[in-house]
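Novice: show me the folded form of this:
(chains A and B)
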Amino acid sequence: MKTYLSFFGRKLDLASRERRRWFVVVFYISAAIIICVDWHPDGKSGQMAINVIIFTMLGGSFLGGYATWKNARNSLVKPFEANNLVRDVRDSWYRDANRTDVWNDERELARRDNAHYRAWWYFPLIFWLAFFLYDEPVYHAFSLAVQRRIVFLLIQIGFILSFTLPQAILLWTEPDLEPDPESETASTS
Amino acid sequence: MRKTTVLGINMERRASRRRLVVAVYAIFALLLAAGWMLDRLHTSGIYIYFAAMFVNWRVFGGYGTDGLIKPFTGKGPKNAPMPSNLAELELRVAGVPIERDPDDYRNDERELARRDRVHYQAYQGVVCVLAVLWLIAMWEAHPPRFLAPGVLAILLYAIVLPTVIVAVTLPQAIILWTEPDMIDESEDSVTPPVVTVGR
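Specialist: Numbering: from 1, shown residues only, chains lettered A, B, ... in the order given. Got it, this is the predicted structure:
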């Protein structure tokens, strides 16, 4: 896991767990704002789906993990599948990167798996709610159209969570790290 | 794993466990098809969901309290076990708590690592389904012209319930599918290797 994030040319120090937790909170508040801004109970907000995927791609590239592409080495969490990439692809993508910046060691693989176990709970919940709400009006509290909008909303939330929650759990739970010397010199200068 | 039998059938061999997994998903596929033809899963879907919970509870385990796999949480059952003999019954009446064997519910280090790994593997598959649902939901908001109205809504509804069933059973199914044959340790320890010395 990296201890800093390059953000518009500046290095944001995230070595301490407290700072990482603030980062996670800000990330999900941003996601909630995007969803709330585009939410129309009676309308069809296909724009929300577009915004959600843009947010997930951009935000996911900061978090890392599922972002396995070339620039992912600048993300906080190492690419989850870097060890399994085809050797030629890995060598071409990460040629100038330090091996330890990309490859997951045994402990990191175990932490990755455990984060996915912890993140698993919301899958059955979201799918079950979607199934339950999509069919019949529940006690006639809402119209079926509104309920289907709620299902649409749930799927958008599930989409964001599925690509970001394991990384967020890792950032939330990892202890304080040694600050990176490069980021320290950058911040002092 | 905690138990080695289901409905009296020995599950020590991996081939038996694989047959069980195939049978369970085949039954669910049949139930879903029947439910779809019967009432488009409107009411039958609820019962199929409860059937999945029953499979978790009695057959697969993991997220249930019983079954082949130990509880993933590693927590023991809240209720004390039924007394198996008169002495235990007397102890229970006397107010002495009867503890369940920790081997029944506590996962060792290897089992915890296995549990986490299969959740990682299952996560990849379910994320793909979620991405498909996201695509359908987006299309439903702005349906393409080449599709009849309402098709995407039916498609989304038809995918969601099988996904619920997969989401509550897939990690356990992967464990049952991949764990190797169990070796009876007592047989190994009782029969020492025979050494013959020629003269």
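Novice: distance of the residue of chain B found nearest chain A relative to B:Val21?
Specialist: Taking C-beta to the nearest C-beta as the measure, chain B has B:Asp116 as its residue closest to chain A, at 3.5 Å. To be clear about C-beta, it is placed using only N, CA and C from the backbone, and glycine gets the same treatment. B:Asp116 sits 20 Å away from B:Val21 when distances are taken as C-beta to C-beta, to the nearest Å.
Novice: out of these two, which sits in the busier spot?
Specialist: Taking other C-beta atoms under 10 Å in any protein chain shown, B:Asp116 and B:Val21 do not tie; B:Asp116 has more neighbours (23 against 18).
Novice: the closest residue in space to A:Ala31 that isn't next to it in sequence: what's it in contact with?
Specialist: With sequence-adjacent residues excluded and distances taken as C-beta to C-beta, 6 or more residues apart in numbering or on different chains, A:Ala31 is closest to A:Ile160, at 5.2 Å. The contact partners of A:Ile160, taken as C-beta atoms under 8 Å, 6 or more residues apart in numbering or on different chains, are A:31, A:52, A:55-56.
Novice: list the buried residues of the helix or strand that contains A:Ile160.
Specialist: Following DSSP states H and E, one finds A:Ile160 within helix A:144-173. When burial is assessed from 16 or more other C-beta atoms under 10 Å in any protein chain shown, helix A:144-173 yields the following buried residues: A:147-172.
Novice: again with stretch B:97-106
Specialist: B:Tyr105.
Novice: burial measure for B:Gly8, as a count.
Specialist: 5.
Novice: for stretch B:84-91, list the C-alpha coordinates in PDB.
Specialist: C-alpha atoms of stretch B:84-91 as PDB (Å, rounded to 0.1, in the frame of the first residue of the first chain):
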ATOM      1  CA  SER B  84     -27.000 -36.700  24.400                       C
ATOM      2  CA  ASN B  85     -27.300 -38.900  27.500                       C
ATOM      3  CA  LEU B  86     -28.800 -38.900  31.000                       C
ATOM      4  CA  ALA B  87     -25.600 -37.600  32.700                       C
ATOM      5  CA  GLU B  88     -25.600 -34.500  30.500                       C
ATOM      6  CA  LEU B  89     -29.300 -34.000  31.200                       C
ATOM      7  CA  GLU B  90     -28.700 -34.200  35.000                       C
ATOM      8  CA  LEU B  91     -25.900 -31.700  34.600                       C
END
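Novice: run through the helices of chain B in chain order.
Specialist: In chain B, the segments counted as helices under DSSP state H are B:14-39, B:44-54, B:86-93, B:109-141, B:151-178, B:185-190.
Novice: show me the contacts of A:Ile160 that map onto strands.
Specialist: Nothing among the contacts of A:Ile160 maps onto strands, per DSSP state E.
Novice: and those, which is closest to chain B?
Specialist: A:Val52 (8.0 Å).
Novice: quick one: contacts for that closest one?
Specialist: A:34-35, A:156, A:159-160.
Novice: ok, of those, which one's closest to chain B?
Specialist: A:Phe159 (4.7 Å).
Novice: tell me, how many residues neighbour the nearest residue in space to that closest one that is not next to it in sequence?
Specialist: Nearest in space to A:Phe159, with sequence neighbours left out and distances taken as C-beta to C-beta, 6+ apart, is B:Trp134 at 4.7 Å. Counted with other C-beta under 10 Å, the neighbours of B:Trp134 add up to 21.
Novice: give me the pLDDT for B:Trp134.
Specialist: Here the pLDDT value assigned to B:Trp134 is 85.
Novice: same question, B:Val22
Specialist: 96.
Novice: and it, how many neighbours?
Specialist: Around B:Val22 there are 12 residues (other C-beta under 10 Å).
Novice: smallest gap between chain A and chain B, at which residue?
Specialist: Closest point on chain A to chain B, by C-beta to the nearest C-beta, is A:Asp113, at 3.5 Å.
Novice: correct me, but that residue touches B:Tyr120?
Specialist: Yes: A:Asp113 lies in contact with B:Tyr120 (C-beta atoms under 8 Å); the separation is 4.5 Å.
Novice: which stretches of the chain have low pLDDT?
Specialist: All of this refers to chain A. Scanning chain A for pLDDT under 70 picks out A:40-46, A:68-73, A:85-101, A:136-141, A:180-189.
Novice: let's do chain B instead
Specialist: Looking at chain B by pLDDT under 70, you get B:79-81, B:184-199.
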